[in-house]
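S.K.: Turn this into a model:
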Amino acid sequence: MAEARVERRLTAILAADVSRYSHLMGIDEEGTLSTLKTYRRELIEPKIAEHRGRIVKTTGDGALIEFASAVNALRCALEVQRAVAERNTGVPRDRRIEFRIGINVGDIIVDSGDIYGDGVNVAARLEGIAEPGGICVSARVQEDTLGKLDVIFEDQGEQQFKNIARPVRVYRVRVHSSAAHAASVLPNKTSIAVLPFDNMSPGVALSELCLGLPEGVITGLSRLRWLNVAARNLSFAPGDAGRDVAKLADRLGVQYFLEGSVQKSGSRVRVIAQLIDARDGRHLWAERYDSNTDDLFTLQDELIQKIVAAVEQTLVSALIRYSATDNEVPLRRANRLHRSLRREDNADAQRLLRELGTSPTVSVAVFQLLANTLELTIDCFWAEDPTAAIAEALEASQRAIQLAPLDYLSNYVLGRALLHSRRYDLAIAAARHSVELNPNSGTSLGGLGNVLAFAGDPKEAAEIGERAFRVSPPEPYTALWIWYAAIAAIRLRQFEIALKHAEAGILIKPDVATGHLLRAIACRGLLRCADGEASLQDAIAWSQSLSLTRMPRFMPYRDAADLEQALEALRELGMPS
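M.R.: A predicted model of the protein is given here:
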C-alpha cells in the first residue's frame, strides 16, 4: 500500500502560558484554578472563536492555538492581554494571573488534530521570553502584520533558541494607539526614537548612509532590555510633527531622540549625531565624526558601534540623574547608588537588591545588578575577605542567566563572577558571548577587558579595555575599563602605558584604591619608587586593610608569574605583609 501522505500547512501558531503559575498555585491552588477557568471561559475562548482560531491543545496553565492568518493571531493576543489586564485592576501584584504569548508563522505537520514542527517550537520559545502580560513575535509575523494593527514592534535582534537550527529575529509588541496611551505603553522603561539622518550635501549619493546608519543604531539599541526603541516604521514615518521635539515625543511616546546629519566633500565624510531629551529639548550628548574613507559601509559599521555605545552610557547616566529622588523606584535607586562607585553607596545598593530578590515577581535586572555590586567589592578592594562575595556573585549571575540566557548583561556579570571563581575558560566564553550579543556596548567590552586582563591575551585585553573606555562617557563607573587596560599593560611590562591608564581612571574616580594601586605598580616598573610609594599610601588610605597576604584573593591572575610580578612590586614599595 502507498504510504499515507503527511499533511502540512502554513499557519500562524500562538503559544501561551501563565507567568509564575507555580507561585500562584502555591499561594492559593483552588482560587488560581477557579480564576483561570473563568478567564478561559469568559475571555480567552470567545476571543479565539471571534478571530477564527482553533485550540489545538491545552495544558494546566498553557495553550497552543492556530490561526489562518498572523493578523488574526496577533489581534486576538492583543485583545486577550488587554482584557486580562483590566481584570487584574486592583488585584495584588503577586496574585495576578498574567499570560505570556509567543506567535510565529511557519510550516507545520498535522497529525490527529495535533501540530508539530519548528514552526510550533519557535512559537513556544517566543512565549518563553515574553514578559508577563506581553507578546513576542517572529520576523514573519512582524512582516505580515506591519501597518495593519496599531502596535509598535520593538526589534530585539536575532536570538538563538534551543533545538532551533537558525537564529530567529524577535520583536516585542507594544500597543501604540495615541500619545495619551504612550505613558501606559512605556511605564517603567526609558524610551528612544532614532530618526533618519539628514543629507547635508544635496546631489551627493548619501541616502544609503543616512538611512543605514540609524537603522543599524536601532538594531543595536534594541538589544538593551531596559530600553524601549520605537520601531523603524514609526520613527521613519512622515508626519506633520516634522522635527518638532514636543510633537514627535507626543506622536511616538518616547523620552529621547537620536538625530543626526551626514555631509560629504570629496573623499571626506562628516557625521554628526545628537541625543536629545524630549522633556526639555536639551542636548544630552553630541559628537562629530570625520573620516576620509570612500568605503561608506565600513564607516557605517564603525559609527554604529561608537554611537550605540555612547547613547547607552549617556542614557544610563541620565536615568540615574532623573531617579535621584526620595520616591524613585528601588531598582533604579540601587543602580544609581551602585554606579557612583562609592563603598557605602554600593553596600546600600546590595541591601536594596537582596530585599528585591525575595519578591515572587523579581526581575532579572535585580540579579544582574546584585552580581555587579558584589563584583565591585572585589575589584575595588572593599571586602575584608572576598570569599563570600565571590560565592554570592556567582549565584546571582547564574540566576540572571537562568532568567535571561541571551541578555548581554547576564553574560557580562557571569563572566566576571566566573573570573573571580578562577574558572577561567568559562569566564572568557561568557564575556565573549556578552560582546557577541551586544558588540556595541561599552559594558560588554569592559567585561571582556576585565576577564582577559587577568586570564587571557594581554594585548587583546589592553585593546578591548581602551576601546570600552573611549566609547563610554567619563562617569565614575567607566574608570574600571581603563584600569583593566592598565592591568594588561603591566602584564606586558608596558609601564608607561599602564601609568597613563591608571592616572586616566584616577582623574575620574580618585577615591578608590584600585587606580592608586595600579599607579604604584607602574611607577615601580619605571623605577620611580618615590612616586610608587606615595601612590601605595594613597591606595591604603582608601582601603586600609590592604596587605600582601590579602592581595592574591582580590587579583584573579591565571598565571602565577603575573601575580608574583605585582606582589613583588608592592613588596618593594613597602606594602605591609
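S.K.: Can you give the distance of the particular helix or strand that has Ile115 in it from its chain's centre?
M.R.: Secondary structure assignment for Ile115, by DSSP states H and E: strand 114-116. Here the centre of strand 114-116 is set off from its chain's centre by 35 Å, with Cα atoms, centre = their mean, to the nearest Å.
S.K.: what does that strand rub up against?
M.R.: Identification of contacts with strand 114-116 by Cβ atoms under 8 Å, 6 or more residues apart in numbering yields Thr11, Ile13, Val56, Lys57, Leu64, Glu66, Ile108, Ile109. No exception for glycine: its C-beta is placed from N, CA and C like everyone else's.
S.K.: wait, what's in contact with the residue nearest to the fifth one when sequence neighbours are not counted?
M.R.: In space, and not counting its chain neighbours, Leu64 is closest to Val56: 4.4 Å by Cβ to Cβ, 6 or more residues apart in numbering. Shown here is Val56, whose contacts under the criterion Cβ under 8 Å, 6+ apart are Ala63, Leu64, Ile65, Glu66, Gly113, Asp114, Ile115.
S.K.: could you dump the helix or strand encompassing Val56 to PDB, C-alpha only?
M.R.: Take DSSP H and E as the rule and Val56 turns out to sit in strand 54-58. Output for strand 54-58, consisting of C-alpha atoms alone and laid out as PDB, is shown next (Å, rounded to 0.1, in the frame of the first residue of the first chain):
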ATOM      1  CA  ARG A  54      -8.500  26.700  16.700                       C
ATOM      2  CA  ILE A  55      -7.400  25.400  20.100                       C
ATOM      3  CA  VAL A  56      -5.000  22.600  19.300                       C
ATOM      4  CA  LYS A  57      -4.400  21.600  22.900                       C
ATOM      5  CA  THR A  58      -4.300  23.000  26.500                       C
END
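S.K.: Give the pairing partners of it; include direction for each.
M.R.: Using DSSP bridges, the strands paired with strand 54-58 are strand 62-67 (antiparallel).
S.K.: circling back to that earlier point, who's in contact with the next helix or strand after the strand holding Ile115?
M.R.: Tracing the chain C-terminally past strand 114-116 and defining elements by DSSP H and E, one meets helix 118-129 next. Under the contact criterion Cβ under 8 Å, 6+ apart, helix 118-129 has outside partners 11, 13-17, 62, 64, 100-108, 136-138, 159, 161-165, 168, 170, 404, 406.
S.K.: Of those residues, select the buried ones using a PyMOL command.
M.R.: For the buried members of the contacts of helix 118-129, the matching PyMOL selection, counting by 16 or more other Cβ atoms under 10 Å, is:
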select buried, resi 11+13+14+15+16+17+62+64+100+101+102+103+104+105+106+108+136+137+138+159+161+168+170+404+406
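S.K.: Helices - which of the contacts of helix 118-129 land there?
M.R.: In this view, those have no member that belongs to helices under DSSP state H.
S.K.: Now distance to His501 and pLDDT too, for the contacts of strand 114-116, in a markdown table please.
M.R.: Supplementary listing: the contacts of strand 114-116 in a markdown table, determined by distance: Cβ to Cβ, whole Å; pLDDT from 0 to 100:
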| residue | distance to His501 | pLDDT |
| --- | --- | --- |
| Thr11 | 57 | 91 |
| Ile13 | 53 | 95 |
| Val56 | 59 | 91 |
| Lys57 | 59 | 89 |
| Leu64 | 55 | 93 |
| Glu66 | 58 | 93 |
| Ile108 | 56 | 88 |
| Ile109 | 59 | 89 |
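S.K.: how about TSV for those residues, with distance to Leu548 added?
M.R.: Supplementary listing: the contacts of strand 114-116 in TSV, determined by distance: Cβ to Cβ, whole Å:
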residue	distance to Leu548
Thr11	68
Ile13	62
Val56	67
Lys57	65
Leu64	62
Glu66	68
Ile108	66
Ile109	67
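S.K.: quick check, nearest of these to Leu518?
M.R.: Set against Leu518, the nearest of the contacts of strand 114-116 by Cβ to Cβ is Ile13 (55.0 Å).
S.K.: OK, contacts around the closest one?
M.R.: The contact partners of Ile13, taken as Cβ under 8 Å, 6+ apart, are 64-67, 73, 103-106, 108, 115, 119-120, 122-123.
S.K.: residue contacts, Val308?
M.R.: Counting by Cβ under 8 Å, 6+ apart, Val308 makes contact with Val217, Gly220, Leu221, Asn440, Ser441.
S.K.: Tell me the buried residues in the helix or strand containing Asp290?
M.R.: With the criterion set as DSSP H and E, the secondary-structure element containing Asp290 is strand 283-291. By neighbour count on 16+ other Cβ under 10 Å, the buried set for strand 283-291 is Leu284, Trp285, Tyr289, Ser291.
S.K.: Quick check: mean pLDDT of whatever helix or strand comes next after it?
M.R.: The C-terminal neighbour of strand 283-291 among helices and strands, as given by DSSP H and E, is helix 296-323. Helix 296-323 shows an average pLDDT of 76 in the prediction.
S.K.: between helix 296-323 and strand 283-291, how many degrees?
M.R.: 160 degrees (axes from the mean of the first three to the mean of the last three Cα atoms, to 10 degrees).
S.K.: now the strands for the stretch 151-300 of the chain?
M.R.: Residue ranges of the strands in the stretch 151-300 of the chain, as given by DSSP state E, counting those that start in this stretch, are 151-159, 168-175, 190-194, 198-199, 227-229, 256-265, 268-277, 283-291.
S.K.: Redo those as JSON lines? Include mean pLDDT and distance to Glu395.
M.R.: Conversion of these to JSON lines gives the following (pLDDT from 0 to 100; distance: least, Cβ to Cβ, whole Å):
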{"stretch": "strand 151-159", "mean pLDDT": "79", "distance to Glu395": "25"}
{"stretch": "strand 168-175", "mean pLDDT": "83", "distance to Glu395": "28"}
{"stretch": "strand 190-194", "mean pLDDT": "84", "distance to Glu395": "28"}
{"stretch": "strand 198-199", "mean pLDDT": "86", "distance to Glu395": "50"}
{"stretch": "strand 227-229", "mean pLDDT": "78", "distance to Glu395": "27"}
{"stretch": "strand 256-265", "mean pLDDT": "89", "distance to Glu395": "35"}
{"stretch": "strand 268-277", "mean pLDDT": "90", "distance to Glu395": "36"}
{"stretch": "strand 283-291", "mean pLDDT": "86", "distance to Glu395": "36"}
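S.K.: Turn those strands into JSON lines, columns for distance to Glu355.
M.R.: JSON lines is the format used below for those (distance: least, Cβ to Cβ, whole Å):
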{"stretch": "strand 151-159", "distance to Glu355": "30"}
{"stretch": "strand 168-175", "distance to Glu355": "28"}
{"stretch": "strand 190-194", "distance to Glu355": "23"}
{"stretch": "strand 198-199", "distance to Glu355": "48"}
{"stretch": "strand 227-229", "distance to Glu355": "25"}
{"stretch": "strand 256-265", "distance to Glu355": "30"}
{"stretch": "strand 268-277", "distance to Glu355": "31"}
{"stretch": "strand 283-291", "distance to Glu355": "31"}
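S.K.: closest one to Val316 among the ones you listed?
M.R.: When these are ranked by distance to Val316, counting by Cβ to Cβ, first place goes to strand 190-194 at 8.8 Å.
S.K.: quick revisit: just the ones of the contacts of Val308 in helices?
M.R.: When DSSP H defines the helices, the subset of the contacts of Val308 inside them is Val217, Gly220, Leu221.
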